[in-house]
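Peer 1: predicted structure and sequence below. I'll ask about it afterward.
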Amino acid sequence: MSGPGAATAATPAGGGGSGPGSTEQPAQGLGAPLAPADALPKTAGTFPYAADLWAEGLLWAAVLRSPHPHARILSVDTGGATEMPGVHAVVTAEDVPGDSNQGRRVADRPVFAKDLVRHHGEPIAAVAADHPDTARLAAAAIAVEYEVLEPVTDPEQAFEAEPLHPDGNLIRHIPLRFGDPEATGEVVVDGLYRIGRQDPAPIGAEAGLAVPRPDGGVEIYTASTDPHADRDLAAACFGLESERVKVVVTGVPGAMGDREDPGVQLALGLLALRTGCPVKLAATREESFLAHPHRHPTLLRYRHHADAEGRLVKVEAQILLDAGAYADSSSESLAAAVAFAAGPYVVPHTFVEGWAVRTNNPPSGHVRGEGAMQVCAAYEGQMDKLAAKLGIDPVELRMRNVMATGDLLPTGQTVTCPAPVAELLQAVRDADLPPLPKDTPRQDWLLPGGPEGAGEPGAVRRGVGYALGMVHMLGAEGADEVSTATVRVNAGTATVICAAVETGQGFATLARQIVQETLGIEEVHVASVDSDQPPAGPAAHSRHTWVSGGAVERAAKMVRTQLLQPLAHKFGMSPELLTIADGKITSYDGVLSTTVEETLDGRELWATAQCRPHPTEPLDETGQGDAFVGLAFAAVRAVVDVDIELGSVRVVEMAVAQDVGRVLNPRQLATRIEAGVTQGVGAALTEHLRTSRGVVRQPDLTGYALPTALDAPEVRIVKLVEERDVVAPFGAKAASAVPVVTSPAAVAAAVRAATGRPVNRLPIRPQAAVVPPAQ
């Protein structure tokens, strides 16, 4: 049996191709298990991140943050800081020359709180000093007089509470109406579900360096995931033209959503412009937890109707997202939650009320699988309840209701992409189960709670649970999805210039593979990213595989035409009759055979291209509309061992079958699925940023329990369905988000199966997995 955290993979099915378990894999190009170019320096610890940067005359920054979740600011006295030796500047809300509000999606968040504090950790002021300790001491010396106000921390109370923001407490309301409201089923089950506040918890905390320019502008070096949006945000804040602000993307130490709190970049830029010196900030882990957005805590009420055979008739739901103090991506997250509220099932009648509201809790925002993960845990909990009430096997119940290509979403949109949901579910159902503990040598670390968990083998029960999940790809509801790329070939080497940020999702490796496949050039470099390049948009929803990969492919094909056209003309044939493989150009009949290098003959070739997928539209006043470009699906089977006396849970194995469209890099795909599953297991069992009346408790990696290598289960990829999406470049689909979405629901189902307890809250508390002794 494999140890904790191991991953195994199966050969993909449907459409052919090479997968993680295939033995026939090309050495380069699409389908090859190409390793990332930065793998060695990252492994050796020599890869530079923002926290490693240095500049001559460097100053250090520190940010003063509010200790209260809700308070009126009566006064801010910076005298104690400005008089401290070594302090060069202090900036507050009064020192912002441009727009005082910021936000990547909704500009409703002040750079520095001025009159009112709306969440614990909100920035009040920033300091630049000649030593990091001096900067921190100076920030602490700023005297702020607060009038502490009663925080609104229950999102249900936000509807009646006094407005927390000039824009009000309600960010968005989506009423979805699909079908007949009077329809009812013979069998009805109700459920109330709560999803906790998961933090992205990147391996590296926020950091950045701002360097003033001679023209009065500034350059900001940071791990941005959307450099052009951050540039425009910074320029508006600084009161500068966008051409005078440049964002340079450094190494990204992990990104599960929006990587950086924009407040870090804005404070750095203001201090650099004020002092005329380079200014650096490296946030502590506590600051990181307080500053960046988290997954939306969600309250979900569900009612499922079915006929006597278990076929769904109607789904009713109320979904309430806690946005925290500011809007951020709450509108987009709510749209995904409402649209996918019934899951990948055929439901003739669906009625959903969805709200996103402001509270004084920590800010929520874009985290992988936002909206979709929360509703997946709820609708799959409902499916298990329905199966139990009808006396039907949970897998069989799902099989009777699964969605397929041509079916309708509750938004009225037709599913035009491949939707092999039944095939995925059958694959995980038919996969062999891991051996029971009695069939393996007893090892303490295999018990729930580990060797120090004090568990008894006799109290351990095994459970098996299933879940189906879905996500949308790219932006939604009319988002203008476009990316630009340039491919340049010179001296037998190709260079890709594209502002798509490599966040760990593998875009830089994919870009190399695309050029290798198209031009037959082995040595391909991907240029570093900055905002002087044409925009490529944010790194989210697997969009760079689609739009940026598509732009690279189009540019490479244009270069290919430049390369082959003179040769084809010389031999009196069409360029389409020439093929490139392994650095060689050959004609269809084998008469012509030469190398790419010989054909280039010292020339430099280049081309620039864009990729823009077909447009979408916003949901209307009844939640109807073609809001999504594409969909991806997964089925997950979780096997858990539960100590029913202590409530401790060990995830033994996660079996995954996934709709991937096409395997572009089998090594990267397996890694991304394993990582997504592990993040989902964390959401299911341990990850919750706890608060008390709006104040974050233990904002560190001791209080916030991330899964370790011993917590990570064996991840077994039992099937990869390669049914290509014809509208997507290469036919590939999203890989990372859908296992994050589906895995928590599968773990919850497995714990329900082991204990017989109603598991309706994530993460699962130990008391929810304890089985009371029989009376």
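Peer 2: Here it is on my side, so go on.
Peer 1: CA atoms only: put the helix ranked longest in the chain into CSV for me.
Peer 2: Ranked by residue count under DSSP state H, the longest helix found in the chain is helix 549-570. C-alpha atoms of helix 549-570 as CSV (Å, rounded to 0.1, in the frame of the first residue of the first chain):
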residue,chain,number,x,y,z
GLY,A,549,-2.4,29.1,-24.7
GLY,A,550,-4.6,29.9,-27.6
ALA,A,551,-2.8,33.2,-28.3
VAL,A,552,0.6,31.4,-28.2
GLU,A,553,-0.7,28.7,-30.6
ARG,A,554,-2.0,31.3,-33.0
ALA,A,555,1.3,33.3,-32.9
ALA,A,556,3.3,30.1,-33.4
LYS,A,557,1.2,29.1,-36.3
MET,A,558,1.8,32.5,-37.9
VAL,A,559,5.5,32.1,-37.5
ARG,A,560,5.2,28.5,-38.9
THR,A,561,3.6,30.0,-42.0
GLN,A,562,6.4,32.5,-42.4
LEU,A,563,8.9,29.7,-42.0
LEU,A,564,7.3,27.2,-44.5
GLN,A,565,5.8,29.5,-47.1
PRO,A,566,9.1,30.3,-48.9
LEU,A,567,10.1,26.7,-48.8
ALA,A,568,6.8,25.5,-50.2
HIS,A,569,6.9,28.2,-52.9
LYS,A,570,10.4,27.0,-53.9
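Peer 1: return the set of buried residues in the next helix or strand after that helix.
Peer 2: Elements were assigned by DSSP states H and E; along the chain past helix 549-570, the next helix or strand is strand 578-581. Residues of strand 578-581 classed as buried by neighbour count (16 or more other CB atoms under 10 Å): 578, 580. The C-beta positions use only the backbone N, C-alpha and C, and glycine is treated the same way.
Peer 1: quick one: strand 578-581 to chain centroid distance?
Peer 2: Chain-centre distance of strand 578-581: 37 Å, with CA atoms, centre = their mean, to the nearest Å.
Peer 1: settle this for me: residue 685 is touching residue 649, isn't it.
Peer 2: Yes - Residue 685 is within contact range of residue 649, at 5.8 Å (criterion: CB atoms under 8 Å).
Peer 1: and for these two, which residues touch both?
Peer 2: By CB atoms under 8 Å, 6 or more residues apart in numbering, residue 685 and residue 649 have these common neighbours: 747, 764.
Peer 1: all helices of the stretch 151-300 of the chain, in order?
Peer 2: For the stretch 151-300 of the chain, the helices defined by DSSP state H, counting those that start in this stretch occupy 227-238, 262-275, 285-291.
Peer 1: and the first one, what's buried?
Peer 2: Spelled out, it's helix 227-238. 227, 228, 229, 230, 231, 232, 233, 234, 235, 236, 237, 238.
Peer 1: which element, helix or strand, includes the closest residue in space to residue 304 that isn't next to it in sequence?
Peer 2: Take residue 304 and drop its neighbours on the chain: the residue closest to it by CB to CB, 6 or more residues apart in numbering is residue 382, 4.6 Å away. Element membership of residue 382 [criterion: DSSP H and E] is helix 372-390.
Peer 1: give the contact list for residue 640.
Peer 2: Applying CB under 8 Å, 6+ apart, the residues near residue 640 are 462, 463, 465, 649, 650, 651, 652, 747, 750, 751, 754.
Peer 1: ugh, wrong one, I meant residue 606
Peer 2: The contact partners of residue 606, by CB under 8 Å, 6+ apart, come to 486, 487, 488, 489, 559.
Peer 1: secondary structure class for it?
Peer 2: strand (DSSP: H, G, I helix; E, B strand; the rest coil).
Peer 1: shaky segments in the protein?
Peer 2: Scanning the chain with the threshold set as pLDDT under 70 gives 1-24, 257-261, 437-445, 450-455, 775.
Peer 1: from the centroid of it, which residue is nearest?
Peer 2: residue 368 (2.3 Å; CA atoms, centre = their mean).
Peer 1: so which residues of the stretch 351-500 of the chain form strands?
Peer 2: Assigned by DSSP state E, counting those that start in this stretch, the strands in the stretch 351-500 of the chain fall at 460-473, 483-490, 493-498.
Peer 1: kindly report the same for the stretch 1-150 of the chain.
Peer 2: 7-9, 59-65, 71-77, 87-91, 101-102, 109-110, 116-117, 123-129, 143-148.
Peer 1: tell me who's in contact with the closest residue to residue 205 other than its chain neighbours.
Peer 2: With CB to CB, 6+ apart as the criterion, residue 205 has its nearest non-adjacent residue at 3.9 Å, and that residue is residue 288. Residues near residue 288 by CB under 8 Å, 6+ apart: 202, 205, 206.
Peer 1: among these, who's most crowded?
Peer 2: Greatest neighbour count in the contacts of residue 288, by other CB atoms under 10 Å, goes to residue 206: 25 neighbours.
Peer 1: I'd guessed that residue sits against residue 264; true?
Peer 2: Yes - counting by CB under 8 Å, residue 206 touches residue 264, with 4.8 Å between them.
Peer 1: which neighbours do these two share?
Peer 2: In contact with both residue 206 and residue 264: 222, 281, 283, 291, using CB under 8 Å, 6+ apart.
Peer 1: please name the nearest non-neighbouring residue to the first one.
Peer 2: Spelled out, it's residue 222. residue 208 (3.7 Å).
Peer 1: and the strands in the stretch 201-350 of the chain?
Peer 2: According to DSSP E, counting those that start in this stretch, the strands that the stretch 201-350 of the chain contains are 207-212, 218-222, 245-249, 279-282, 298-306, 312-322, 349-357.
Peer 1: now these in CSV, please, with extra columns for distance to residue 436.
Peer 2: Output for these, formatted as CSV (distance: least, CB to CB, whole Å):
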stretch, distance to residue 436
strand 207-212, 47
strand 218-222, 50
strand 245-249, 49
strand 279-282, 48
strand 298-306, 33
strand 312-322, 34
strand 349-357, 40
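Peer 1: could those go into JSON lines alongside distance to residue 661 and mean neighbour count?
Peer 2: As requested, the strands of the stretch 201-350 of the chain are exported to JSON lines (distance: least, CB to CB, whole Å; neighbours: other CB atoms under 10 Å):
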{"stretch": "strand 207-212", "distance to residue 661": "36", "mean neighbour count": "25"}
{"stretch": "strand 218-222", "distance to residue 661": "33", "mean neighbour count": "25"}
{"stretch": "strand 245-249", "distance to residue 661": "28", "mean neighbour count": "24"}
{"stretch": "strand 279-282", "distance to residue 661": "39", "mean neighbour count": "26"}
{"stretch": "strand 298-306", "distance to residue 661": "29", "mean neighbour count": "22"}
{"stretch": "strand 312-322", "distance to residue 661": "27", "mean neighbour count": "23"}
{"stretch": "strand 349-357", "distance to residue 661": "27", "mean neighbour count": "25"}
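Peer 1: which one of these lies closest to residue 518?
Peer 2: strand 245-249 (25.1 Å; CB to CB).
Peer 1: report the distance from that closest one to the chain centre.
Peer 2: Mean-position distance between strand 245-249 and its chain equals 23 Å (CA atoms, centre = their mean).
Peer 1: if I look at residue 204, how far off is residue 226?
Peer 2: 18 Å (CB to CB, to the nearest Å).
Peer 1: neighbour count: the two, which is higher?
Peer 2: Counted by other CB under 10 Å, residue 204 and residue 226 do not tie: residue 226 has more neighbours, with 25 against 20.
Peer 1: my guess is the more buried one contacts residue 500, does it?
Peer 2: No - with contacts counted by CB under 8 Å, residue 226 stays clear of residue 500, the gap being 10.1 Å.
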